[in-house]
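>>> sequence below, structure please.
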Amino acid sequence: MERDILHLTVPAYAVAVARVADPALRGRPVAIAPGLSDRAIISSVSAEAGRDGVLAGMSVRQGRRLCPALLTLPPNPQLLGRADRALQKLAGQYSPLVENQPAGRLFLDLTGSRRLLGPGRDIAMRLERELETQLRLVATLGVAGNKLVSKIAAEYLERPGVCDILRGSEQTFIAPLPVRVLPGIGNVREQLLLRELNLRRVSELAALQLPQLRLVFGPFAPLVRQRALGQDLTPVLPPRRSPEISAESYLNRAENDAGILQAELCRLVEDCGLRLRRLGRACAELQLTIHYADGRQQSRTQQLRQAQNHDLLLYQAAAELFATLNNRRTRLKGLKLSCRQLENSGQQGHLFAASSPAPRQQALQQALDRIRSKYGMRSICSGRTLAV
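Residues are numbered from 1 along each chain as shown. Alright, predicted model coming up:
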């Protein structure tokens, strides 16, 4: 059965999202870079800045040398998170099989949607229109029989639109393209192919036999040959539903006050703890992510010696994690706490593991849960959270 795979790419995604929030940025050379230093690395560049030679991966100093009018913005994870959710919700209206990729990229398997919504090209055009009218984002979309060629087709377009590749002609489409369009062939391998084998086009690479490809690619030769022939059997993989409970918050203004940050962390712990106990689960791993005001973010994970769901024990572990993670003098903008490796709360732990909460603490926790379940989280607060 022929597949209809769609790949959607929003060019310069972080810049595009920033322009949705602030239309005054449209038409101006904009780059996204964390921090205030000239040595910060640019992660996303608008087309206006790109025309002056500014590229992602350059330092801000290099970018400003090429484009003196370059406007740099810090990453905004909160805004990008909202944009990601809106993009996925819109794509989910066309197929249940949506694979999220970083930086505004999605794969959709439209094979099962053809009878209901029509051919893949029609769906792609409809999605492109709704993306522009509902989210004010423009994108390039490629439709082909597999993920490899649909992605190449989307990136082949220089302007927003839809590139539909006739099923069965995937190899013909990519044959005249430069070898760098294939995944796994970067600038170094491309120069090696040009210098040693004088190969410039995908068709020239596809004409080589497997033993010849092994000289350059080693054990990856079969995969490279398969890609050069336009073949890719990889399925579209929806995000794995990992059993995880998380809470995230962004401060009204950037803070470095220890009391306020610990209060916010405690509030996240109480939120996660209540949800864990309602499900009868406990977590054996905590992950804390902090967002700095200059756009940088750091994450760290800690394994708990015994799965926990009591607020007091969770907070102790989260506070230790926060102390080791927050090692910069920059103010914080947001925190995210994730509880992973969920287990049944009644599961027996290790014999010599950390002690469980005392009976009085357990009783107090159960009383707090009853009050919060009936009147809401804000009905009763621990002293630590009063600073928020």
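
>>> would you point out which residue is most central in the chain?
Nearest to the geometric centre of the chain sits residue 102, at 4.2 Å (C-alpha atoms, centre = their mean).

>>> where in the protein is the helix or strand with the lowest mean pLDDT?
helix 187-192 (a mean of 72; mean pLDDT, DSSP states H and E).

>>> returning to what we had before: from residue 14, how far out is the residue nearest to the centre of the chain?
Distance, residue 102 to residue 14, by C-beta to C-beta, to the nearest Å: 11 Å. Quick note: C-beta positions are derived from backbone N, CA and C, even for glycine.

>>> try residue 84
Counting by C-beta to C-beta - residue 84 and residue 14 are separated by 11 Å.

>>> compare the two and say which is more crowded by neighbours.
The residue with more neighbours, out of residue 84 and residue 14, is residue 14; 25 against 18, by other C-beta atoms under 10 Å.

>>> now do the SS call for that one.
Three-state call for residue 14 (DSSP: H, G, I helix; E, B strand; the rest coil): helix.

>>> tell me the contacts of it?
Contacts for residue 14 (C-beta atoms under 8 Å, 6 or more residues apart in numbering) come out as 32, 43-44, 75-76, 80, 103.

>>> now do it, the pLDDT please.
For residue 14, the model assigns a pLDDT of 90.

>>> and stretch 85-98, what's its mean pLDDT?
pLDDT averaged over stretch 85-98 gives 89.

>>> picking up where we left off before, Throw together a ChimeraX command that grabs the buried residues out of the contacts of residue 14.
To isolate the buried ones among these in ChimeraX, judged by 16 or more other C-beta atoms under 10 Å, type:
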select :32,43,44,75,76,80
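
>>> number of nearby residues for the nearest residue to residue 37 once chain neighbours are set aside?
Spatial nearest neighbour of residue 37, excluding adjacent residues (C-beta to C-beta, 6 or more residues apart in numbering): residue 60 at 7.2 Å. Residues near residue 60, counting by other C-beta under 10 Å, number 21.

>>> repeat for residue 176
Per other C-beta under 10 Å, the neighbour tally for residue 176 reads 10.

>>> now it: which helix or strand?
Using DSSP states H and E, residue 176 is not contained in any helix or strand.

>>> can you read off the pLDDT for it?
pLDDT at residue 176 comes out at 91.

>>> that one: what's it in contact with?
Contacts of residue 176 (C-beta under 8 Å, 6+ apart): 201-203.

>>> relative to residue 24, which of those residues is nearest.
residue 202 (42.2 Å; C-beta to C-beta).

>>> can you pull the pLDDT of that closest one?
Predicted confidence (pLDDT) for residue 202: 86.

>>> excluding chain neighbours, what is closest to residue 11?
That would be residue 140: by C-beta to C-beta, 6+ apart, it lies 6.8 Å from residue 11.

>>> and the strands in the stretch 201-350 of the chain?
Using DSSP state E, counting those that start in this stretch, the strands of the stretch 201-350 of the chain run over residues 245-255, 281-292, 297-308, 332-344.

>>> closest one to residue 196 among these?
Across these, residue 196 has its closest neighbour in strand 297-308 (41.0 Å, C-beta to C-beta).

>>> in that closest one, what counts as buried?
Buried, per 16+ other C-beta under 10 Å, within strand 297-308: 304, 306-308.

>>> by contact count, what packs against the host helix or strand of residue 162?
Element membership of residue 162 [criterion: DSSP H and E] is strand 161-164. Secondary-structure packing of strand 161-164 (3 or more C-beta pairs under 8 Å, 6 or more residues apart in numbering; DSSP states H and E): helix 120-135, strand 140-144, helix 147-156.

>>> check those for me and report the most buried one.
Here the criterion is mean neighbour count by mean count of other C-beta atoms under 10 Å, and of the helices and strands packed on strand 161-164 the winner is strand 140-144, at a mean of 26.

>>> check the offset of that one from the chain's centre.
Taking C-alpha atoms, centre = their mean, to the nearest Å, one finds the center of strand 140-144 at 20 Å from the center of the full chain.

>>> so what strands line up beside it?
Sheet pairing of strand 140-144 (DSSP bridges) gives strand 5-9 (antiparallel), strand 161-164 (parallel).

>>> what lies in contact with the longest one?
To tie it back to what came earlier, the one meant is strand 5-9. 91, 95, 104-111, 120, 123-124, 127, 131, 139-147, 150-151, 153-155, 236.

>>> can you check the shortest one too?
Outside strand 161-164, the residues within contact range by C-beta under 8 Å, 6+ apart are 120-121, 124-125, 128, 140-144, 153-154, 156-157.

>>> and that strand, which residues are buried?
162-164.

>>> quick check: mean pLDDT of it?
In this model, strand 161-164 carries a mean pLDDT of 87.

>>> just put the buried residues of strand 161-164 in TSV and tack on distance to residue 259.
Putting these into TSV (distance: C-beta to C-beta, whole Å) gives the following:
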residue	distance to residue 259
162	54
163	55
164	58
